[in-house]
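# sharing a model that was predicted from the sequence below.
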Amino acid sequence: RAPATWPEGWEPRRTEEPSKRWREKAAAFLKWSQGHLLGDAGSEMLDWLREVRGLSAGTVEKAGLGWNPRNWWRDREGWGLDNVLNNDGKPRKLWLPEGLVIPYQVDGRLMRLRVRRTRSEDGPRYYLVPGSDTRSMILNGNPESVIILESELDAILVSQEAQDLVTAIALGNASSRPDQETHDFLCRAKRILISLD
């Protein structure tokens, strides 16, 4: 097999792990949102995850999904983020939108929170919580066979159904290039399947 080649000048995307303070705040928010997903407030979202997205109850729990029933605004500095000013000179708040909370953990460390918004008429369907690491989600299975997807929910479903037949990798979006860890993983793979939206 010929080694993978990349365009000249191409470099993997740089990522940065979140701060300890961000992880603490994000973990508390995630735990709270997981309680809401499994409670009465999340019953409609749980039904959608099972009936529309095809995720089992065990997969939902294993993935650590949560439900945020309303918009929240928090102090950025309290989450270990730099203070940013709005156009009026007032400090910008950290927005935690209503929606499905999708975490990504690596070796037990929370790296990212992405929210699939229920109402996205006024912005993106998927919202990356500031301070999150942007690395690709890698759900291990068979390191020799890899399937590249866009969304984390798709990767979670493929991982549920294929189990150890393939490793599911969610890039986050179709235009995102791989980070260093993902690049290294892809260079070792024997089969790479592309299944973007």
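Received the coordinates, thanks.
# just checking, what packs against the longest helix anywhere in the chain?
For the chain, the helix that runs over the most residues, judged by DSSP state H, is helix 20-38. Identification of packing neighbours for helix 20-38 by 3 or more Cβ pairs under 8 Å, 6 or more residues apart in numbering; DSSP states H and E yields helix 43-51, strand 66-68, strand 99-106, strand 109-117. All C-beta spots, glycine's among them, are computed from the backbone N, C-alpha and C.
# would you mark the buried spots in stretch 47-61?
By neighbour count on 16 or more other Cβ atoms under 10 Å, the buried set for stretch 47-61 is 49, 53, 55, 59-60.
# sorry, back to before: give me the residues contacting the longest helix of the chain.
Contacts with helix 20-38, where a contact means Cβ atoms under 8 Å, 6 or more residues apart in numbering, come from 18, 42, 45-46, 60, 64-69, 74, 78-81, 96, 100-101, 103, 109-110, 113, 129, 131-132.
# repeat for stretch 138-154
53, 55, 102, 104, 114, 116, 126, 137, 155-156, 158-159, 162-174, 181-182, 185-186, 188-197.
# hang on, the earlier thing: for the longest helix of the chain, output the C-alpha coordinates as CSV.
What follows is the C-alpha trace of helix 20-38 in CSV, where atoms were taken according to Å, rounded to 0.1, in the frame of the first residue of the first chain:
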residue,chain,number,x,y,z
LYS,A,20,-9.0,23.1,34.3
ARG,A,21,-11.6,25.7,35.3
TRP,A,22,-13.5,25.3,32.0
ARG,A,23,-13.5,21.5,32.6
GLU,A,24,-14.9,21.9,36.1
LYS,A,25,-17.7,24.3,35.0
ALA,A,26,-18.5,22.2,31.8
ALA,A,27,-18.6,19.0,33.8
ALA,A,28,-21.1,20.5,36.3
PHE,A,29,-23.3,21.8,33.4
LEU,A,30,-23.0,18.4,31.6
LYS,A,31,-24.1,16.5,34.8
TRP,A,32,-27.0,18.8,35.3
SER,A,33,-28.1,18.5,31.6
GLN,A,34,-27.8,14.7,31.8
GLY,A,35,-30.2,14.7,34.7
HIS,A,36,-32.6,16.7,32.6
LEU,A,37,-32.4,14.4,29.6
LEU,A,38,-33.3,11.4,31.8
